[in-house]
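J.: Mind folding the following:
(one chain, ligands or ions: 1)
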Amino acid sequence: MNTSFVTQLQSGLDDLKAKGTLKKLNYLSSPQSARVRMEGRGEVLILSSNNYLGLCDQPEVVDAGIKGLHDFGAGTASVRFICGTFTVHRALEQAIARFVGTAASMSYVSAWNANEGLTASIAEEGDFVISDALNHASIIDSIRLAKAMNKCTTGVYKHADLDDLVEKLKANAGARRRIIWTDGVFSMEGSTAKLPQILQIARDHDAIVVMDDSHATGVLGATGRGTAEHYGLVGEVDIITSTLGKALGGAAGGFVAGAAALCDTLTQKSRPQLFSNALPPTVAASALAAVEFVEAHPERVTTLRENAQYFRAAIKEAGFNPLDGDTPIVPIIVGDTADAIRMSELLLDEGIFVTGFGFPVVPVGTARLRCQISAAHTRDDLDYAVRAIKKVGLSAGVLK
Ligand SMILES: *Cc1c(COP(=O)(O)O)cnc(C)c1O
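T.: Residues are numbered from 1 along each chain as shown. Model prediction:
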């Protein structure tokens, strides 16, 4: 046993604690919903979950998971290409493709895995991959892996700065293939990618667009089909990746959606597919039920959108300065990291769980309470939250 290794780890943790950035785990003992039981806290109202449509405890979704467990057993005990592909995977992948408007899709145990394997499967030496500066960590790592493994060249454009994107594409006009990676929704800002312009730029520069729609699937667009539907561009994005761990039931799992030849290529080349177990059939079954639920209940998406608009307006009315946007992510900018953390702690005493984010997750001076609204919230829940945030903002000196 190497005790000095453990001592080093402990001193790293002590440093984080001294800086006030040590993450603490909160244990829940009830399903994810508008209100949850949090160990040591009793019932709290959740404003930090990705359970956008309230499907985590939706009876149809839970029952489908139970039936999946009975029909297919506990797991796949194999990777996809050996003997880990079940009929429920096909049913799920067909439903996802139908939902997001592509020819095919391929499921993964997480969106992290879906993204991680993707870039190296489509980018080779001589290709150029370019990424928005605020893209999700899984995209950043995916591009790093592709660069290390396949020797493609890579670049980053300033967040949402399309002039910078064009400039970098022009500088790499000689590349064999140009790939633009963007989040559909940027999770710290609650903002939406400028998809119409990005698609036009891709056409002008013969590039491929890959969009990670994890915070948009089930959320944006009149029927929840995501960022493309929001802009009236369903069918126009070359590759869409997303999670099943947010709006679509919240369990786990992710996918890549696009042309059939793309998904067939992933079967051959994507390393998380080749060397790691397939999505558990129980989860595939509950995710399939979640997709079917959204298709049958677009009014749930409407409720989410109306709740988000209501909350955003009420927070402004209370005197705060939330970032604008069309998403149910409402970041309330408070400025100092210490204020964001203090407000988050005070809110927990009021029975509200909402995370404060500060530097280095967001730029200095833009620390924020990131509120995430769900269709599961009632207007009473939202009113209660706004009153409490106002009270705590006054006592923390953030509101004058
Ligand atoms: C949440 C998220 C992921 C990771 O999703 P998992 O399925 O939990 O791995 C990937 N990309 C984006 C943009 C996300 O918001």
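J.: C-alpha from now on. contacts and neighbour counts both.
T.: OK.
J.: Quick one: mean pLDDT over the longest helix anywhere in the chain.
T.: Taking DSSP state H as the assignment, the helix of the chain that covers the most residues is helix 298-317. Helix 298-317 comes out with an average pLDDT of 98.
J.: How about stretch 119-132?
T.: pLDDT averaged over stretch 119-132 gives 98.
J.: Show residues contacting it.
T.: Residues outside stretch 119-132 that contact it (C-alpha atoms under 8 Å, 6 or more residues apart in numbering): 140, 142-143, 145-147, 149-160, 165, 172, 175-183, 265-266, 269-270.
J.: can you list the domains in the protein?
T.: 20-49+298-395, 59-296 (automatic domain parsing).
J.: do the first one and the ligand meet at all?
T.: Read it as domain 20-49+298-395. No: using C-alpha under 6 Å from any ligand atom, domain 20-49+298-395 stays clear of the ligand, coming no nearer than 10.7 Å.
J.: Quickly compare the domains of the chain and say which is most buried.
T.: Mean neighbour count (mean count of other C-alpha atoms under 10 Å) peaks for domain 59-296 among the domains of the chain, with a mean of 20.
J.: now that domain, how far from the chain's geometric center?
T.: 11 Å (C-alpha atoms, centre = their mean, to the nearest Å).
J.: one step back: dump the longest helix of the chain to PDB, restricted to CA.
T.: C-alpha atoms of helix 298-317 as PDB (Å, rounded to 0.1, in the frame of the first residue of the first chain):
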ATOM      1  CA  PRO A 298     -46.500  17.300 -26.900                       C
ATOM      2  CA  GLU A 299     -48.500  19.300 -24.300                       C
ATOM      3  CA  ARG A 300     -45.800  18.200 -21.800                       C
ATOM      4  CA  VAL A 301     -43.300  20.200 -23.900                       C
ATOM      5  CA  THR A 302     -45.600  23.100 -24.000                       C
ATOM      6  CA  THR A 303     -46.000  23.100 -20.200                       C
ATOM      7  CA  LEU A 304     -42.200  23.100 -19.900                       C
ATOM      8  CA  ARG A 305     -41.900  26.100 -22.200                       C
ATOM      9  CA  GLU A 306     -44.600  28.000 -20.400                       C
ATOM     10  CA  ASN A 307     -43.200  27.200 -17.000                       C
ATOM     11  CA  ALA A 308     -39.800  28.500 -18.100                       C
ATOM     12  CA  GLN A 309     -41.200  31.700 -19.600                       C
ATOM     13  CA  TYR A 310     -43.200  32.300 -16.400                       C
ATOM     14  CA  PHE A 311     -40.200  31.700 -14.200                       C
ATOM     15  CA  ARG A 312     -37.900  33.900 -16.200                       C
ATOM     16  CA  ALA A 313     -40.400  36.800 -16.200                       C
ATOM     17  CA  ALA A 314     -41.000  36.400 -12.500                       C
ATOM     18  CA  ILE A 315     -37.300  36.400 -11.700                       C
ATOM     19  CA  LYS A 316     -36.800  39.600 -13.700                       C
ATOM     20  CA  GLU A 317     -39.800  41.100 -11.900                       C
END
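J.: Great, nothing more from me.
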